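> What follows is a predicted protein model with its sequence.
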Amino acid sequence: FIPALRKSRKLTTGGLLLRPTTRQSGRFSGGLLLRRSHKKLIRTTTMTRIYKQVMLQAVLKRGGSATKDEIAGDILASDVFQREHYRKKIVDAMPGNRLVRDGALIRDNGSYRLAIPFENMTEPDRQELIDECQLQIDEHIEKFGDTFRPRTNDPVSGSVAYEVKKRAGGRCELCGASHSETQLDVDHVVPRNKGGSNELANLQMLCRTCNAQKRDNDDTDFRAITESYGFRDADCIFCQKECGDDELAFVVEDEYPVTEGHALVMPRRHVSDYFALHQPERNAIERILHNRQKELLSRDPSISGFNVGVNSGPSAGQTILHVHIHLIPRRDGDMDDPRGGVRGVIPEMQKYSVT
């Protein structure tokens, strides 16, 4: 810094402008200035990301010059966040689990140690195994190269990715997982390696799990699932009763209750068959059922049981062709003999005896 500072009388680095405060015969009295400048330069970076400090330190420690490999090595060695990521997500998940499974290592709290018989191997055997590992590492690098290659040289732009996410309502277009629950990825309907483009019409939103399982050899378009959530039937009395905060389902009181507190839980989407529900709708219905059950129990301590049932199809007794699940509170003594429960849909089959 000192030669550059003396030559230009000012130095801009990392957004920080350093200027001489005093000058004596063309020289800077800069000891205090440099110390203050160094502290200010370091303080400009949040300590959650220490890359600037480590890079500057790497160059200084090596006499004023450092290669990219040297700097990268120092950053990896100093970044506790990267080490924590590798410790939690890489070491244990793979290869740790596989080496333990294969009987080569034993996991011992936060450490790994050689398993029997490897722990008693001779020094020549140990060195032979080290050399074999290095040989396989070298072969892999020779085959696949040791340079980082991004998956594509034509990534989806941020503005396009935003449009895909907005169109999908912030949910995976296959499983319905929300962006608040998991990482969402922009997926190509027709994969890039099959000629798919970055056009909006070829993009959909999938969660990290669904995207990994889809891989790049499948061109299924899941966007129709997301679009189907918006379907309503203007003539359906249940579609007209929508309420509540859940995005996919809601609950209403039954207008002809079997018992006090009888509720109906149903999807917002107009769909007649229970077995045609999307999994996210099933999840939402299950969540609302549990919430309503807890609410009824806290409100009425006389409730001692529940019937939960769904009629799927006219022959099963469904009269309104919009899926709805009955949650019917039961109380001791509300009928003479409750045995058989939902078997009562065919009255003569409700009662039975166990032999």
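Thanks, I have it.
> In the protein, where is pLDDT below threshold?
Applying pLDDT under 70 to the chain picks out residues 1-49, 144-153, 352, 354-355.
> and with 50 instead?
1-34, 38, 40-48 (pLDDT under 50).
> Helices of that one, start to end?
2-8, 31-43, 51-61, 68-78, 80-85, 97-101, 123-144, 158-167, 208-214, 223-228, 279-299 (DSSP state H).
> Output these as a markdown table; include the columns distance to Thr259.
Backbone N, C-alpha and C define where each C-beta goes, glycine included. Compiled in a markdown table, these are given as follows (distance: least, CB to CB, whole Å):
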| stretch | distance to Thr259 |
| --- | --- |
| helix 2-8 | 85 |
| helix 31-43 | 68 |
| helix 51-61 | 65 |
| helix 68-78 | 65 |
| helix 80-85 | 54 |
| helix 97-101 | 52 |
| helix 123-144 | 67 |
| helix 158-167 | 44 |
| helix 208-214 | 41 |
| helix 223-228 | 34 |
| helix 279-299 | 10 |
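> these two touch, right, His270 and Cys239?
Yes - the criterion here is CB atoms under 8 Å, and His270 meets it with Cys239 at 5.3 Å.
> For these two, list the residues in contact with both.
Shared contacts of His270 and Cys239, defined by CB atoms under 8 Å, 6 or more residues apart in numbering, comprise Arg232, Asp233, His322.
> What subset of those residues is buried?
With burial judged by 16 or more other CB atoms under 10 Å, the buried subset of these is His322.
> So which residue is dead centre in the protein?
By CA atoms, centre = their mean, the mean C-alpha position of the chain lies nearest to Thr182, the distance being 2.3 Å.
> OK, contacts around the residue nearest to that one when sequence neighbours are not counted?
Distances taken as CB to CB, 6 or more residues apart in numbering put Cys207 closest to Thr182, at 4.8 Å, once the chain neighbours are dropped. Residues in contact with Cys207, defined by CB under 8 Å, 6+ apart, are Cys172, Leu174, Cys175, Ala177, Thr182, Gln183, Leu184, Asp185.
> Might you report the residue contacts of the fourth one?
Residues counted as contacts of Ala177 (CB under 8 Å, 6+ apart) are Arg171, Leu184, Cys207, Thr209, Cys210, Pro280.
> PyMOL command for the buried members of those?
The following PyMOL line selects those of these that are buried, judged by 16+ other CB under 10 Å:
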select buried, resi 171+184+207+210+280
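> will you turn the contacts of Ala177 into CSV that also has distance to Gln134?
Below are those laid out as CSV (distance: CB to CB, whole Å):
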residue, distance to Gln134
Arg171, 47
Leu184, 40
Cys207, 39
Thr209, 35
Cys210, 38
Pro280, 49
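> From the contacts of Ala177, pick the one nearest Arg223.
Nearest to Arg223 among the contacts of Ala177 is Arg171, at 11.4 Å by CB to CB.
> Show me what that closest one bridges to in the sheet.
Following DSSP bridges, Arg171 is listed with bridge partners Ser178.
> isn't Ile106 right up against Val100?
Yes - when contacts are counted by CB under 8 Å, Ile106 is listed as touching Val100 (6.8 Å).
> thinking again about what came up before, between His270 and Cys239, which one's more packed in?
His270 (19 against 16; other CB atoms under 10 Å).
> State the phi and psi torsions of that one.
phi -80, psi 110 (degrees, to the nearest 10).
> What is the neighbour count of Asp300?
12.
> can you tell me which residues contact the closest residue to it other than its chain neighbours?
Distances taken as CB to CB, 6+ apart place Gly261 nearest to Asp300, at 6.4 Å, with adjacent residues excluded. Contacts for Gly261 (CB under 8 Å, 6+ apart) come out as Leu296, Arg299, Asp300, Ile303, Ile328, Pro329.
> Quickly note the distance from Gly261 to Pro329.
4 Å (CB to CB, to the nearest Å).
> so what sits against both of those two?
Leu296, Asp300, Ile303.
> So the first one is in contact with Ser302, correct?
No - between Leu296 and Ser302 there is no contact, the gap being 10.4 Å when judged by CB under 8 Å.
> between those two, which one's more packed in?
A count of neighbours by other CB under 10 Å puts Leu296 above the other of Leu296 and Ser302, at 17 against 12.
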